[in-house]
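Colleague: 3D, please:
(chains A and B)
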Amino acid sequence: MSQEMKVIVFKIKDKEYAIPVDKVSGIEKLLHITRVPKAVRFVKGVINLRGVITPIIDLRVRFGFEEVEYDDSTRIIIVILDDMEVGLIVDSANDVLDIPVNSIEPQPEVVGHLASEYISGVAKIDKRLLVLINLENALSLEVTENILKEG
Amino acid sequence: MDMNQYLEVFIEESKEHLQTASEQLLVLEKNPEDLSIVNEIFRSAHTLKGMSATMGYEDLANLTHKMENVLDAIRNSQITLTPEVFDVIFLAVDDLEAMVMSIAEGGDGKRDVSKVVHQLDLIEKGESPISTSAVEVAATSAVLDTEEMIEGEYDEFEWTVLQQSKEQGFNSFEITIALRADCLLKAARVFMVFEVLEKSGEVIKSQPPVELLEEEQFDQQFTVTMITKESSEELKNEIMKVSEVDNVVMHTLDLEGVRHAVNVKEDQIAGMDNEEQTADNAIMLSSDVKEKKKQPSVKPASSKTIRVNIERLDILMNLFEELVIDRGRLDQISNDLDNQELHETVERMSRITSDLQTIVLNMRMVPVETVFNRFPKMVRQLARDLNKKVELEITGAETELDRTVIDEIGDPLVHLLRNAMDHGIETPEERLAKGKTEEGKIHLKAYHSGNHVFIEIDDDGAGINKERVLNKALSNGIVTRETAGTLTDKQIYELIFASGFSTAETISDVSGRGVGLDVVKNTIESLGGSVTIDSKEDEGSIFLIQLPLTLSIISVMLVAIQNEKYAIPLSSIIETAIIKKEDILNAHNQQVIDFRGKVLPLLFLKDIFEVPISQAEEEFLSVVIVRKGDKLAGLVVDSFIGQLEVVLKSLGNYLTSAFAISGATILGDGQVALIIDCNTLIH
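Modeller: This is a model prediction of the structure:
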C-alpha cells in the first residue's frame, strides 16, 4: 500500500492543479474585492473574509495567462502560508482527491510555458494530469520579480 | 510536571509582585518609619521566592531569599534604613526584574547577581554596603547568624522586663535553635520547643515573631529570648530532646551588652559618630518604631479580574464585526419586507449589538497606570545618577487607554521624562541660586477629554532657552535666518522636535544617545496623536501629548473616487471644500489652489491611486484639505460620503508595503475600504 496525499483540485484554463488540503482553510465564492492601488499586478486586492482583511491573488495573472471575467464558477481558495492567509482566484474548484505519493513525478517539463518555479511536481491519475503547486514560490513576491523580468 | 502551562501565569504574577515591591519601596523611602510597608514588600518577596523555587528558577529564588532576609531584618528593626540600603534593595529588584524578563523572553532567568548578593549579605550583617571592598566576606554560617541575632534590639518594655527579672535573680538567655535541614513540620517543632521553654520560664521575645514561626515563615533557625531560673545547660538539654532539632546555641544576655550592641549598630549603619548617644535615646528610637509598626496596614482592595490573551479579544472583535455587518443586512431585509414583528426584533438586536460593541471595546481598555508605575523608580534612580533632587507626582493613573496605545506610549514617555530630568530640572545648587526649592518637581498627569486622552509632563525646571534653540536650529540648517525672525515662541520650542536636534552641550548618560525628541514626536503621531510644548524660562516646561482613546476605532471621512471608496482619518483633515475647476492654478507642473491666501498643492487621488475611470469629470471638485505637521495639501476626490467611526484593521503580513495606505476597514455592507495614509502623500 502506498501513501496517499489529499489534495484540492482546481482548474485554470482547462488545466487541473492541486494544493495539499492541509494548506487550505476554505473555498469561497467570489466576494467583493477592494483594489489596492499600486500593488503588484497579480494582487487583485483585499476581501473581507469573516472580519479578516485577506489579500487576493489571481492565479491566472500569476501564471502569466490572459485574464477573464469572473463568473459563477470562479472560486477563491483560501490558503495558509506562514500564518498568512491569502486567497487564490481560480476558474473553478470542485474536487478533493487522494493521490498516491508515488504517482507524483518531480519533472514538470510537460507543463508548457508555465514557469517551473511554481510547480513542485505532476501527478498522473488515470487520464488526468494534476499539476502540484509550490505555494511558497507561487506566493513569493521575490520570485515574481525574476519571472516578470524573464517573461 | 509540565511547568510550561504555568509559565505565563508565573511571569505575570512575578511582574506584579516586583511592581508592588518597587512601588512600596518608594513609599517606604518617604516614610522609613512605617514598618507595615516593609511587611507589604516582604510578602511580595516571599511569594515571589516561593513561586520561583516551585518553577525551578533557583537564581531568582536565591536572590529573592537574600532580599527577604534583609527585609526581615528591617521589619524587626535590626537594620536601619539608609539611602544606601535602599539603593541595594532597588538594585536587587532591578536584577529580579531582569531575570523575570529573561524568563519571559524564553531565557533561563540566570544572571550574575554576586555583587548585589554580596551587598545584601553585608547589610544583613549590619555593615554598610558601601564599604564592600574593605570588608572581607565571611561565609555565612550559623554561628555568624547567631552572633547577629544577639545584637537584636529590645524595646523599652522588653528591656524593663529583662532588667527587673535580672534584679529578681532570673537568668536571661538568647537561645538560637536550629532545626534540621530536612525537618518537615517546622511549625510543629517550634511548638514543641516553645512548650519546653514555657515549662521552665517565660519567653519574652522571639525572632522571627511567633506568628511568623507558626506560619513556617522562617528558615532553619530562630532565636528566642527568655527568662528562667534554670541553668543554660539544663535548658539546652531539654530543648535538644525535641526531635529534629539540629543545634542549640545559648547565650547569656548581658544587659550592658544589649545597650552596647544597639549603639554599635546605629554607628555602623548611619555612619555617624554617635559615641554620645545614650542607651535611652536608642530605646526611645526603637520604641518609636514599634509604635508605628502597630498601625494596621491598609490592604488595597482587590478587584476581581481575569487574564485574557489579547488575541482572543481580537477574535471576539472580528466575530463581532461579522455580527454588525449581518445586522446591517437584516435591517435592509426587514425594511424591504415591512413586517412589524421583524422590525421590532431587528431593532432590539441593533440595540443589543451596540451595547455589546461598547463592552468589547471596553475590554481592551487598560489604565495608563500600567505604564506610569515604572516611572517612580526610574525617576528616583535617574535623580541619584544626575545628583538632582526630583519629586515625581502622578495623577490620573486610572485613566484608561486602549491596549494598543498603552503598548506604544511607554517609550516616548520615558524619553520625555528623561529629557525633563536632564535638561529641565536644575541641580539643587542652581535651584537654590534661582530662589527655588532644592527639590525639583515633575508632574505626570493623564486625563480624558472628549474623544482623547491627554498626558501632560510638567516640570518646574529651567525651561527652554529660546536663543540656544534658535542658534542650534540655525547651525543645523533646520531654519533659515529669514524664517527665524518670524517664528513665535511656541514655534521655536517645537524646533526641538526636529530631527537631529539636541540642545545638550555635553552628551550625558541620560540623553543625547542619538535618539532625539523627533522619535518621540513620530511615535506619537503614528499613534494618531500629537505633542506640543509650552515653556517659560526659569519656570519650567509642559509637554502635552494628545492621544486617541483607541487605535482600533478611528473617525474617518469616507470619500468616493469613481467607484471606489476610501477613508481619510479625521485626525489629518483640516476641512473640506468644493472648488470650481477654473480656480485651479498651475505652478511648476503642480496644480495648486488659493486657499484663504495660502497656496495649497492639489493631489488628484484618482491619478495617484490609478483608479479605473468610469464617470465623467464634473464642474466642481471636492477637496479634502489634510495636513502633515505644518504642511497642507488638498486631496481631490469625487464626492464625500460622510463621517463614520470605523474599526481599523491591518492589511496583513502579505501586503506589508501598500502605497499610501495605512490599513483597511470593513464597511456596513461588508466591503473593504482602504484607509489613506496622508503622511506619505505629503512630502
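
Colleague: where are the low-confidence patches of the chain?
Modeller: If you meant another chain, say so; for now it's chain A. Scanning chain A for pLDDT under 70 picks out A:1-2, A:107-116, A:141-151.

Colleague: please go with chain B instead
Modeller: Applying pLDDT under 70 to chain B flags residues B:1-5, B:128-157, B:254-303, B:499-515, B:551, B:629.

Colleague: Could you list the domains of it?
Modeller: Taking automatic domain parsing as the criterion, chain B consists of the domains B:4-146, B:156-293, B:310-366, B:368-548, B:553-682.

Colleague: can you count the residues close to residue 46?
Modeller: Unless you meant another one, I'm taking chain A. 27 (other Cβ atoms under 10 Å in any protein chain shown). The way it works is simple: take the backbone N, C-alpha and C, and place the C-beta from them, glycine included.

Colleague: oops, chain B please
Modeller: A count of nearby residues for residue B:46, using other Cβ under 10 Å, gives 19.

Colleague: which other residues reach the helix or strand it falls within?
Modeller: Applying DSSP states H and E as the criterion places residue B:46 in helix B:35-55. Applying Cβ atoms under 8 Å, 6 or more residues apart in numbering or on different chains, the external contacts of helix B:35-55 come out as B:3, B:6-7, B:10, B:13-14, B:17-18, B:20-21, B:24-25, B:27-28, B:31, B:60-61, B:64-65, B:67-68, B:71-72, B:74-75, B:77, B:96, B:109, B:217, B:289, B:292-293, B:295-297.

Colleague: Same list (the domains of chain B) but as JSON lines, adding distance to residue A:96.
Modeller: As requested, those are arranged in JSON lines below (distance: least, Cβ to Cβ, whole Å):
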{"stretch": "domain B:4-146", "distance to residue A:96": "36"}
{"stretch": "domain B:156-293", "distance to residue A:96": "63"}
{"stretch": "domain B:310-366", "distance to residue A:96": "27"}
{"stretch": "domain B:368-548", "distance to residue A:96": "40"}
{"stretch": "domain B:553-682", "distance to residue A:96": "25"}
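
Colleague: Can you check which of those domains gets nearest to residue A:29?
Modeller: Closest approach to residue A:29 among the domains of chain B (Cβ to Cβ): domain B:553-682, 13.2 Å.

Colleague: to the chain's geometric centre, what's the distance from the closest one?
Modeller: Here the centre of domain B:553-682 is set off from its chain's centre by 40 Å, with Cα atoms, centre = their mean, to the nearest Å.

Colleague: swap in stretch A:24-39?
Modeller: With Cα atoms, centre = their mean as the basis, the mean position of stretch A:24-39 lies at 13 Å from the chain mean.

Colleague: CA atoms of that stretch as CSV?
Modeller: Extracted in CSV, the C-alpha atoms of stretch A:24-39 (Å, rounded to 0.1, in the frame of the first residue of the first chain):
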residue,chain,number,x,y,z
VAL,A,24,-6.3,25.2,2.5
SER,A,25,-8.6,26.8,5.0
GLY,A,26,-11.6,27.2,2.8
ILE,A,27,-13.1,27.7,-0.6
GLU,A,28,-15.2,30.8,-1.1
LYS,A,29,-17.5,32.0,-3.8
LEU,A,30,-16.5,35.3,-5.3
LEU,A,31,-16.7,38.2,-2.8
HIS,A,32,-16.3,41.9,-3.4
ILE,A,33,-12.7,42.6,-3.9
THR,A,34,-11.3,46.0,-3.0
ARG,A,35,-8.5,47.0,-5.2
VAL,A,36,-5.2,48.0,-3.5
PRO,A,37,-3.6,50.8,-5.5
LYS,A,38,-0.1,50.2,-6.8
ALA,A,39,0.1,46.7,-5.6
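
Colleague: Buried members of the contacts of helix B:35-55 into PyMOL, please.
Modeller: Remark: buried members of the contacts of helix B:35-55, expressed as a PyMOL selection using 16 or more other Cβ atoms under 10 Å in any protein chain shown:
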select buried, chain B and resi 10+13+14+17+18+20+21+24+25+28+60+61+64+65+67+68+71+72+74+75+77+96+109+217+289+293
